[in-house]
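Participant: below is the sequence, then the predicted model.
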Amino acid sequence: MPLKKICQQLNFIKQCRRYHLSLWQCPSFLIVLIDLIIISAMLSTYLVATKYTEQPEIVALIVIGVTTILTIISYFIIQGFEQLAEANQLKSEFVNIVSHQLRTPLTIIKWTINLMMKQTDNLPEKQLEKLKTIKENNQRMTDLVNDLLNVSRIEQGKLGLQPEKVALKEVIQNLIKDYLPLAKASNISLSLETDKNIPLISIDSQGIKVVLQNLIDNAIRYIKNKGQVKISLKRKKGLIKCQVQDNGVGIPPEDQRKIFQKFFRSRNIMKYQTEGTGLGLFISKSIIEASGGKIGFKSQEDKGSIFWFEIPIK
């Protein structure tokens, strides 16, 4: 760990302000304090014991006193952790409630726009373009709400995956059809390479669709000019391995360890694609791991990335 990071960890005042806690409620400060007291107690007990060997009651009183102090400090540490845990729980519940409340009006707006766009004979071209813009932004907001709802469920351990038999090849083929217009508009080719007789896997159908959407969408959007996205599906010793490869902007080495964190977007990506929440890969990782699988990637800046995941067949 670099010296700078160690110094940041030891900056108790900054950490306490970050969590809006007093110094005596800040876990990081209290843990260091209790360690110092333990060390002091050990040294003091040793010195007193060597000096008052004929009066063990003095040593016993010192040990009792130190133990009492440590118990009090431990209580404050537990209280600090409980407050942080409670605040995190309240935050997750708030996001969950707000996301549910937002979904209904967004869905109504979507239905209304679709109904109006069906009546294109009576609409001027300019109004139709405005409706398309509203529809795109409505979909963007809906995607954001869905991502926040999924994050809230993940944090509360209520992702609610319901495994069923899924033909992964068919799911990918349908998604390629959906993304083909976007890929063509960006001058990008989409291809699928798959082994024969890929078996069905037991997984949540909507969950695996979200994972694939995130990987394919990222691959297309982070290619600067003309490019290609190659999707492969292989069978490998009781596993199904899916891989999405692109020749896009790639991920800088210093950002790669954070790529699956919430709200994280690498710096070079922000230059080419300002839109995005940084939640897609976090959600994808949670879904894959909850399904008993693994997810990972290889990337080189300015040359492209390969994102992959493995799912057990049984």
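Facilitator: Here it is on my side, so go on. Keep in mind that this is a model prediction, so the values were computed, not measured.

Participant: quick one, strands of the stretch 151-300 of the chain?
Facilitator: 164-166, 188-194, 201-203, 227-236, 239-246, 294-300 (DSSP state E, counting those that start in this stretch).

Participant: what's the closest non-adjacent residue to residue 73?
Facilitator: residue 34 (4.8 Å; CB to CB, 6 or more residues apart in numbering). Bear in mind the C-beta positions are built from the backbone N, C-alpha and C, glycine included.

Participant: cool, residue 244 as well?
Facilitator: For residue 244, ignoring the flanking residues on the chain, the nearest one in space by CB to CB, 6+ apart is residue 215 at 4.3 Å.

Participant: now do residue 192
Facilitator: Distance criterion CB to CB, 6+ apart; nearest residue to residue 192, sequence neighbours excluded, is residue 231 at 4.8 Å.

Participant: just give me the neighbour total for that neighbour.
Facilitator: Summarising burial for residue 231: neighbours were counted as other CB atoms under 10 Å, giving 22.

Participant: per-residue pLDDT of it, please?
Facilitator: Residue 231 carries a pLDDT score of 95 in this model.

Participant: who does it bridge with?
Facilitator: Judged by DSSP bridges, the bridge partners of residue 231 are residue 192, residue 244.

Participant: my guess is it meets residue 216, correct?
Facilitator: Yes: using CB atoms under 8 Å, residue 231 makes contact with residue 216 at a distance of 7.1 Å.

Participant: need the residues touching each of the two.
Facilitator: Among the neighbours of residue 231, those also in contact with residue 216 (CB atoms under 8 Å, 6 or more residues apart in numbering) are 176, 190, 244.

Participant: quick one, which of those are buried?
Facilitator: Using 16 or more other CB atoms under 10 Å as the burial test, the shared contacts of residue 231 and residue 216 include 176, 190, 244 as buried.

Participant: make JSON lines from the residues you listed and add pLDDT and distance to residue 43 to it.
Facilitator: Converted to JSON lines, those look like this (pLDDT from 0 to 100; distance: CB to CB, whole Å):
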{"residue": "176", "pLDDT": "94", "distance to residue 43": "69"}
{"residue": "190", "pLDDT": "93", "distance to residue 43": "68"}
{"residue": "244", "pLDDT": "96", "distance to residue 43": "58"}
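
Participant: out of those residues, flag the one nearest to residue 157.
Facilitator: Nearest to residue 157 among these is residue 244, at 27.9 Å by CB to CB.

Participant: so who does the closest one touch?
Facilitator: Counted by CB under 8 Å, 6+ apart, residue 244 has contacts 212, 215, 216, 219, 229, 230, 231, 306, 307, 308.

Participant: this completes my enquiry, with thanks.
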